[in-house]
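# next one to model:
(one chain, ligands or ions: 1)
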Amino acid sequence: MRKKTTIPDLLKMKQNGQRITVLTAYDYPFTRLVDNGGVDAILVGDSAGVVFAGHDTTLPVTMDEMIYHVRAVKRADPKALVVADMPFMSYQTGIEDACRNCGRMIKEGGAEAVKVEGGSNMAHVIRAVSSIDIPVMAHIGLTPQSVHRMGGYKVQGRNDQAERIMDDAFAVQHAGAFAVVLEGIPASLAAEISAELSIPTIGIGAGPSCDGQVLVIHDILGLCEKYSPKFVKRYADLAPLITAAVSQYVAEVRSGEFPTAEHSFT
Ligand code: KIV
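Now for the predicted structure:
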């Protein structure tokens, strides 16, 4: 029987050169499917705000919404480690708010770790939250909650920005993060960071040399028709299949072909 993945397991995987697999999930049925697929960790991402709730950015997502998603994920009892994303303004306002809200995610949601966006600027938060035994995954490079500062979802760390991203990576490791997401940075910089850090790096749009990879489940299944970033690989194209199934249902109800005696009670 597969055993539950723990944070020490992820650290061991880095040390042994085993790549770490992470996907997002936001609800019970997808968590079952993703967990049965064998991922090491499930990220209950604030990307839920975009792919689940239909917002343009992750910024409107609230604590209560994230706790709702984390609870639904946990009800599926996944073997994968469950990491909950901290929404915008739940941790940026100071260490007291950060500790309280990260604590809520563990206590009320049942998350096993939290993720916060930011590097050197969030080191004090990562240090405070880690010091009360809440494991923190950091997230640097293209941080979607900084969309307005960045002027869009743009690759970070090119040329003279590279040193700042490297500093961020060391800052979050030093502050106590157990892993760090590297998003939207050049592959060569991600390779360098992954070689230098002792904690695992989890890449998304950061090339093949990270210690692990994370993607949004709706993106890899072709469920998000709005846009498809360059770094996404579509492993299935489910949207047309679902629409075809729904169209067939509509047609059969209209024609009287469904339901039959087989689907009726005597
Ligand atoms: O919100 C999210 O899903 C994320 C990942 C894409 C890294 O932050």
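# does residue 136 really touch residue 127, like I thought?
No - counting by Cβ atoms under 8 Å, residue 136 does not reach residue 127; the two are 9.0 Å apart. Bear in mind the C-beta positions are built from the backbone N, C-alpha and C, glycine included.
# which of those two has more residues huddled nearby?
For residue 136 versus residue 127, neighbours defined as other Cβ atoms under 10 Å are more numerous around residue 136 (28 against 17).
# contacting residues for the more buried one?
The contact partners of residue 136, by Cβ atoms under 8 Å, 6 or more residues apart in numbering, come to 102, 113-116, 126, 129-130, 176-178.
# before we move on, the earlier item: joint contacts of residue 136 and residue 127?
Joint contacts of residue 136 and residue 127 (Cβ under 8 Å, 6+ apart) are residue 176.
# which stretches of the protein have low pLDDT?
Residues of the chain meeting the criterion pLDDT under 70: none.
# for it, what lies in contact range of the ligand?
Along the chain, the residues adjacent to the ligand under the rule Cβ under 6 Å from any ligand atom are 24, 43, 45-47, 85, 139, 181, 183, 204, 214, 216.
# tabulate those residues (TSV), appending distance to residue 108 and secondary structure.
As requested, the residues of the chain next to the ligand are exported to TSV (distance: Cβ to Cβ, whole Å; DSSP: H, G, I helix; E, B strand; the rest coil):
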residue	distance to residue 108	secondary structure
24	20	strand
43	18	strand
45	18	coil
46	17	coil
47	21	coil
85	15	strand
139	22	strand
181	24	strand
183	27	strand
204	27	strand
214	24	strand
216	24	coil
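# quick check: of the residues you listed, which lies closest to the ligand?
Nearest to the ligand among the residues of the chain next to the ligand is residue 45, at 2.2 Å by Cβ to the nearest ligand atom.
# quick check: closest non-adjacent residue to that closest one.
Once flanking residues are discounted, residue 45 sits nearest to residue 24: 4.3 Å by Cβ to Cβ, 6 or more residues apart in numbering.
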